[in-house]
Each structure stands twice: as structure tokens, then as C-alpha cells.
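Chemist: Build the 3D model from these lines:
(chains A and B)
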Amino acid sequence: MDYLDILRLLDSTLRLATPLLLACLAGLFSERAGIFDIGLEGKMLAAAFASAAVAVWASAPVDNPQLGQLSGLGWGWQAAWLGVFAGIVASVFLSIIHGLASITLRGNQLISGVAINFLAAGLTVLISQNIFKRGGQTPPLTGDARFSEITLPFAETLSSVPIIGLMYSEVISGHVIFVYVGLLCVPLTWWVLFRTRFGLRLRAVGENPGAVDTAGISVTRLRYAAVIICGVLCGLAGAYLSMGTAAAGFGRDMTALRGFIALAALIFARWRPWAAMWACLLFGFLQAVSTYYPKVDVFGLFVIPSDFMEALPYILTVVILAGVGGKAIPPRAGGVPYVKER
Amino acid sequence: MKSIPRWADLALIPFLNLFLAFFVAGLVVVFIGEDPFRAMKIMLTGALGSDYGIGYTLFYTTNFIFTGLAVAVAFHGSLFNIGGEGQAALGGVGVAVVALTLDGTHWLITFPLAILSAAIFGALWALVPAYLQAKRGSHIVITTIMFNYIGAKLLGFLMNGPLKKEGSMAPESRRFEDGAQLPFMQDIAGWFGMEMTRTPLNISFFVALICCVLVWLLIWKSKFGYELRAFGFQQPAAIYAGINPVKITVITMVVSGALAGMMALNTVMGEQQKLVLDHVQGAGFVGIAVALMGRSHPVGVLLAAILFGVLYQGGTELAFEIPAISRDMIVTIQALVILFMGALENLVRFPVEGMFARLSRGN
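Modeler: Presented below is the predicted three-dimensional model:
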């Protein structure tokens, strides 16, 4: 393994960490406001499908026999953005169901999340099969319907500079826009949560909603705001999966438990934005390792089977949840519906 | 205000919730461009219109009784075991280990051993998440979900290695000999001189029914069950009363995992008579809907399992008749049942409570 190999590994780490990071920050907003969200997975999946399906439709020529009864919009680059928007709408829709169940109707937040996951798993394939008739997949996204990699300025020129320049051009440069958006969301989340009045109230509502209510601020409105922000970020994560990765389209269960890994990362990060980023990068790195090295030969003694390498990120999730580095203390009012006193 | 009649709590509210779930499912069918009433008719005839259909329905029901009871037992301790899928998958390994070594004998010998082995394997797969929840506070929902995935990978490894049939390309074990094949219902009917259509319904259906009774005894008639319900109802009070939370959590999850693991008797030893990669086929997840719908009571679980058996068998026929409504419709219905009977339960309960409050004030 030489330097270039390491750089390639880091490059895919960044790619693989992005959906985790966006979902993790989504969960951060929700859980900091006291709403547990097991349904990140389902929201991402719904968004992945909605964005891919809408992007296919918007970018298809006006008379497209491939789509059956639907004719396309014939859009150019806007098609991809319409797709992202559709993904966000789908995800926020599920968020509102979760909000309705857990805020207004004071239901069980875990059960609601599980229901949302199944709902997304069933509906996406059902609708996809109904429209596209490709066994649940969307047609592959091509050209304008997907996002292409952005080469950052000077990446070409700097690539000749040995260590640092190569790092810049190989690792930092050459990602789709979601990767950079994801990274920018980290300081943004930190700023919103810890430097704005909204953020202070949001955190307070997750610790002691009674106090927030006493101060004359609506607990309900704050929690809905958090849940909707969560939906928007999950929407971005899902849109990235189907429009910004090599998958280039939607496939059945394509989120592959990323929503749950993001939750584990969130717990590992103790509900803090910067720590969340490092946790997600760690999981991204593990996924990168397991894709690059499907079989590991241990000094010629024995070969670690590929099934184990594939399961490795999931095993590590459990290890981390087992409390490596102390006990995780969630927001105090998390998972408890708020009942206003009368 | 909170007091409503028992019949409303046990019958009216669940019925209205179920109605809402199926109403929305009907809307989905309309959205796809099919007739929901025709779909329903095909489903019902497919599931209950012939003894062939009923046999398959009860075969699926058997799976869902096991996984539904598994989730229900955990619910009583306010633990959410969504690892039934993985526990059942590993239960299959337990069945296969017994069946592959002892299938030269007789099913009367292999069956009890396989029950034990399936239960132990399922329980072991639930033990780690249980221990981590009890000792380290790891979120059991996430750990059990991860264990589903890890279990699938472990099964994949075993099916491509140690348990694989020699000289076969497919990831499956060799077929069990006669000594490890469970009698089908048509065989049992034959002992009494009756004729029945060939279906995969087998003797493990009765094991499932016995498990219903045993779970009822465990939860409502034993000291452990009392502790479990106290723990699930009000943890601090239960701990104050001297109930050991670690012990309760671990035992509950072990029982839950054992029940889920026993599901494999029906699919591996009954239906397939060999271990295949995907013998669980989502039944572990259906258990969640079944337990919620059955209000975690064995009788309710049995009824809900029959309903989901009808949905599964009817859904198979439906996918055959109307290809646009694929098996994913079942996952969707399952999701809607969980949503309306679990999370959105108060959508019906609040208005009903308000109605009864107004009625009693009128008196």
C-alpha cells in the first residue's frame, strides 16, 4: 500500500461518510429537540427514490416511449435540482408523519420510526415498479439527471506538488456537491445549535420542555421545526445516494442500514456536531476498507472471509454502542412526549 | 376522563385503527390504478377459498405466531426487539445442525432436539444485544437491527462454507434425510384416515399454539411474568421493589430470541427440509406488526398472525393475478398497520375518549 492507495482510501472515505454525515446531523437536530428518530433510514430511502424518479422524469425527452404513459419534461441541468427538491419533499412528508405521531398524538416514537422505515421500503419499490417496470429500480440516471464531480480550483496545477498537492487533488477535490454541502453543514449545525436563540431553545426543549413552555415558547412548534430540519437533511442524504454516487439511480433497499449507522455515530458523538463528523468519517473509512479489501490475508496464515469484511462496519457499530469511551447520556426529555399541564 | 369501557379499549379502538390502516392501503391500490375491492376479493379467495389456500395461510400464520410472540414478550418489558429476523435466521442454523447430524434417526428424536437447538441459537443471537442494553445502555433497537445484518452475513458465510452441500453451486445445505423431515398436515390427516391437499403446513403449527399457551402462563401466571410486567410498566418502581433490571432484560430477550429462533422449525425442517439462505423472508419484521396488533397478548397475537397469514397467502395470489400489486404491497400494509395501530393509535383514541367523556357527563 503506497501513498496513492492511502489517498484513494481517504477519497472514498469522504464519499461514503457523506450520507452518514447528513443523516447523522438530521438525527442530531431531531434528538436534541427530544424526538428520537429511528426512521432516518426510511426517510433517506424515500428521498433516494423520489429524487431519482423525478430526475429521470424531468430529464427525459418530451415524448419518451420508455416511460410508458408519462412523457418527460425535457429539462437540462435543472432536472437534477428538481430531483433533489422532490427528495426533500418526500423526506419531509415522512418527517411530518413522525411529528404528528410523536408530538401531536404523543405516540411511541420508536414504533413510529419503525413504521416509517417499512412504509418507505414497501412504497418505494411498489411505486417504482409501477412506473418504471424494472423490478423496483429506476432507469439509470445519465448526463444532466445526475450530479457530476466538481474539480476544485488549482487541483490540476497542485497535483504535481508532492504530498500536500496530491492530497488536495485526490482527496479534497473531485467530489459531487453533496460532499461539500455535508461538510459545510457541520459548522452550520454547530452555529445554529450553540450560537443562535433558536438553537438554545431547541436544545432546551430536548432537556426540559416544561421550562421552555413556562417561558412562553411553543414546545410543539420548536419540535416540529426540528423534525422538519431533520427531514430536509435526510432528503439531501437520500438524494446523494441515488443521484451523486456511482449507483446513479434508485435500487431496492439501497440505504443498506445507513440510517441506523448514522444513529450509532450520533450516540458515539454524544449528540455534538463536530464529533458527529469524525464519527461518520470513521464509519466511512471502515466501509471504504471493506469495499477495497474484500478479503484480507493475515500474513498468509488465514484469509478473513469477505462476509466478515462486509459485516465489519455493522459489527463496529455494535461495539461503539456498547459504550467505548464511557456511557452516552442522551438529551433528557428524549423520547418522551410533552404533555402541557393544565 | 381517561376511563373508557373495556370493550372500547379492546375492540373498538383496535378495529377503527385497523380500518384506517386498510383504508390507506386501499388508497395506495387506487393510486397504482387497480380496483381495491377486486384486490381484496382475490386475496380472500386466494387465502381462504380452498383447503390449499387455508393450508398455506396457516403455514404463514405459524411463522408469525412465533415472531409475533417474540416481539410481544419483549414489549411487556418495554423492550423493542426488532431482531427477530436475525434470531430466526440463526434458529435455522440450530435446526440444521441437529437435522444434518441426526437425520438418520426418526423425527420423534430430531424434532425435540431441533426445537431446543433452534431456541438456543435464537436466544444466543438475542443475548448479546440484551446484555449490552442491560449493562451498557446500548440502544436495543439499533443493536438488534445490526445483528440482523450480521446474522445474514454469518448465515451467508456458513451457507457458502461449512454447511454447504458438496458439489452444489447454490448456497444451501443438503436435503435432510427422512429422519429430520417433519410430518406435514396431510400426513397427520392420513394417520386418521383423512385426505388433505398438499401444503407446507406441518406439525410445528401445533408447537406454535403450545407456545401461545406457554407465553400466557409465563407472563400472567408466573413470578417472572409479574416482575417483567412491573419492569415494563414502571422501571424505577420495579427496581425499587427489588427487581433486578439486568436479569429481567436478559431473560426477556433470551425468551424472545428463543421464540423467534423456533420459527425456523416451520420453514427449515417443515417446508424446505434443508437450510436455505433466505428462509425467514421478512417474517421477523411481520412479528412487530403482529405483536402491536395483538396488543402483546397471546390470543391477540394468534388472531393477528392469522390475519397476516391471510395477507401473505392472499398477497401471493394477488401478485399472480395483478402483477402491479407485488409482494411489496404486503410490506406497505404491514407498515400501515404498525403506523396506525402503534404510533398513531391516539388518532382514534383521543376522539373516542372525548366521546365517552361527553357521554358520561351527559348522564
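
Chemist: make it CA atoms for all contacts and neighbour counts henceforth
Modeler: Will do.

Chemist: Could I get the contacting residues of residue A:111?
Modeler: B:338, B:339, B:342, B:343 (Cα atoms under 8 Å, 6 or more residues apart in numbering or on different chains).

Chemist: from the residues you listed, which single one is nearest residue B:148?
Modeler: Set against residue B:148, the nearest of those by Cα to Cα is residue B:338 (19.5 Å).

Chemist: buried residues in the host helix or strand of that closest one?
Modeler: In this structure, residue B:338 sits in helix B:328-338 according to DSSP states H and E. Under the neighbour-count criterion of 16 or more other Cα atoms under 10 Å in any protein chain shown, helix B:328-338 has B:328, B:329, B:330, B:331, B:332, B:333, B:334, B:335, B:336, B:337, B:338 buried.

Chemist: For chain A, tell me which of those show up nearby.
Modeler: B:328, B:329, B:330, B:331, B:332, B:334, B:335, B:336, B:338 (Cα under 8 Å from any Cα of the partner chain).

Chemist: before we move on, the earlier item: now tell me what touches the helix holding residue B:338 from outside.
Modeler: Taking Cα under 8 Å, 6+ apart as the rule, helix B:328-338 contacts A:111-112, A:114-123, A:125-126, B:17-18, B:21-22, B:24-25, B:286, B:288-289, B:292-293, B:311-312, B:315.

Chemist: Name the residues of the stretch 201-342 of chain A found near chain B, please.
Modeler: Counting by Cα under 8 Å from any Cα, the residues of the stretch 201-342 of chain A near chain B are A:260, A:263-264, A:305, A:307-308, A:310-311, A:314-315, A:317-318, A:321-323, A:327.

Chemist: Quick check: residues of the stretch 1-150 of chain A near chain B?
Modeler: Checking the stretch 1-150 of chain A against chain B by Cα under 8 Å from any Cα, the hits are A:100-102, A:105-109, A:111-112, A:114-123, A:125-127, A:129-130.

Chemist: what do you get if the cut-off is 10 Å, keeping everything else the same?
Modeler: A:38, A:97-98, A:100-102, A:104-127, A:129-131, A:133, A:135-136 (Cα under 10 Å from any Cα of the partner chain).

Chemist: From these, keep the buried residues only.
Modeler: A:38, A:97-98, A:100-102, A:104-127, A:129-131, A:133, A:136.

Chemist: on that earlier part again, would JSON lines of the contacts of residue A:111 with pLDDT be doable?
Modeler: Shown next, in JSON lines, are these (pLDDT from 0 to 100):
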{"residue": "B:338", "pLDDT": "89"}
{"residue": "B:339", "pLDDT": "93"}
{"residue": "B:342", "pLDDT": "86"}
{"residue": "B:343", "pLDDT": "88"}
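
Chemist: Out of those residues, which end up buried?
Modeler: Applying 16+ other Cα under 10 Å to these flags B:338, B:339, B:342, B:343 as buried.

Chemist: before we move on, back to that, any idea how far the helix holding residue B:338 is from the chain center?
Modeler: How far helix B:328-338 lies from its chain's middle: 14 Å, per Cα atoms, centre = their mean, to the nearest Å.

Chemist: Tell me where the stretch 201-342 of chain A has helices.
Modeler: With DSSP state H, counting those that start in this stretch as the criterion, the stretch 201-342 of chain A has helices at A:209-214, A:219-243, A:258-268, A:273-292, A:306-321.

Chemist: Please give the element, helix or strand, for residue B:210.
Modeler: With DSSP H and E as criterion, residue B:210 is part of helix B:204-221.

Chemist: farthest-separated two in the residues of the stretch 201-342 of chain A next to chain B?
Modeler: The most distant members of those, if one measures by Cα to Cα, are A:305 and A:327, lying 32.4 Å apart.

Chemist: check contacts around residue 195.
Modeler: Just going to use chain A. Neighbouring residues of residue A:195 by Cα atoms under 10 Å, 6 or more residues apart in numbering or on different chains: A:188, A:189.

Chemist: other chain: chain B
Modeler: Per Cα under 10 Å, 6+ apart, neighbours of residue B:195: B:185, B:186, B:187, B:188, B:189.

Chemist: And the pLDDT for the first one?
Modeler: According to the predicted model, the pLDDT of residue B:185 comes to 91.

Chemist: repeat for the fourth one
Modeler: Confidence at residue B:188, expressed as pLDDT, is 92.

Chemist: how many other residues sit next to it?
Modeler: Neighbour count of residue B:188, defined by other Cα atoms under 10 Å in any protein chain shown: 15.

Chemist: Got phi/psi on it?
Modeler: phi -60, psi -40 (degrees, to the nearest 10).

Chemist: Residue B:198 is in contact with that one, correct?
Modeler: No - with contact defined as Cα atoms under 10 Å, residue B:188 does not count as touching residue B:198 (11.4 Å).

Chemist: Point out where the stretch 151-300 of chain B drops to low pLDDT.
Modeler: Low-confidence segments of the stretch 151-300 of chain B (pLDDT under 70): none present.

Chemist: 90 instead, please
Modeler: B:156, B:159-174, B:177-180, B:193-198, B:233-236, B:277-278, B:281-282, B:292-293, B:295 (pLDDT under 90).

Chemist: residues in it within reach of chain A, list them.
Modeler: Going by Cα under 10 Å from any Cα, the residues of the stretch 151-300 of chain B near chain A are B:151-158, B:160, B:285, B:288-289, B:292.

Chemist: Who wins on neighbours among those?
Modeler: residue B:288 leads these on contacts (other Cα under 10 Å) with 33 neighbours.

Chemist: Can you tell me the element it falls in?
Modeler: Going by DSSP H and E, residue B:288 is part of helix B:283-293.

Chemist: Just the angle for that helix relative to helix B:328-338, thanks.
Modeler: 30 degrees (axes from the mean of the first three to the mean of the last three Cα atoms, to 10 degrees).

Chemist: how about the next helix or strand after helix B:283-293 as CSV, C-alpha atoms only?
Modeler: Downstream of helix B:283-293, the next assigned helix or strand under DSSP H and E is helix B:298-321. Extracted in CSV, the C-alpha atoms of helix B:298-321 (Å, rounded to 0.1, in the frame of the first residue of the first chain):
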residue,chain,number,x,y,z
PRO,B,298,-51.1,-14.5,23.0
VAL,B,299,-54.7,-14.6,21.9
GLY,B,300,-54.4,-11.3,20.1
VAL,B,301,-51.1,-12.5,18.6
LEU,B,302,-52.8,-15.6,17.3
LEU,B,303,-55.6,-13.6,15.7
ALA,B,304,-53.2,-11.1,14.2
ALA,B,305,-51.0,-13.9,12.9
ILE,B,306,-53.9,-15.4,11.1
LEU,B,307,-54.7,-12.1,9.6
PHE,B,308,-51.2,-11.7,8.4
GLY,B,309,-51.2,-15.3,7.2
VAL,B,310,-54.2,-14.4,5.1
LEU,B,311,-52.4,-11.3,3.8
TYR,B,312,-49.3,-13.2,2.9
GLN,B,313,-51.1,-16.1,1.1
GLY,B,314,-53.7,-13.8,-0.4
GLY,B,315,-50.9,-11.4,-1.4
THR,B,316,-49.1,-14.2,-3.2
GLU,B,317,-52.2,-15.0,-5.2
LEU,B,318,-52.8,-11.3,-5.8
ALA,B,319,-49.3,-10.7,-7.2
PHE,B,320,-50.0,-13.6,-9.5
GLU,B,321,-53.4,-12.2,-10.7
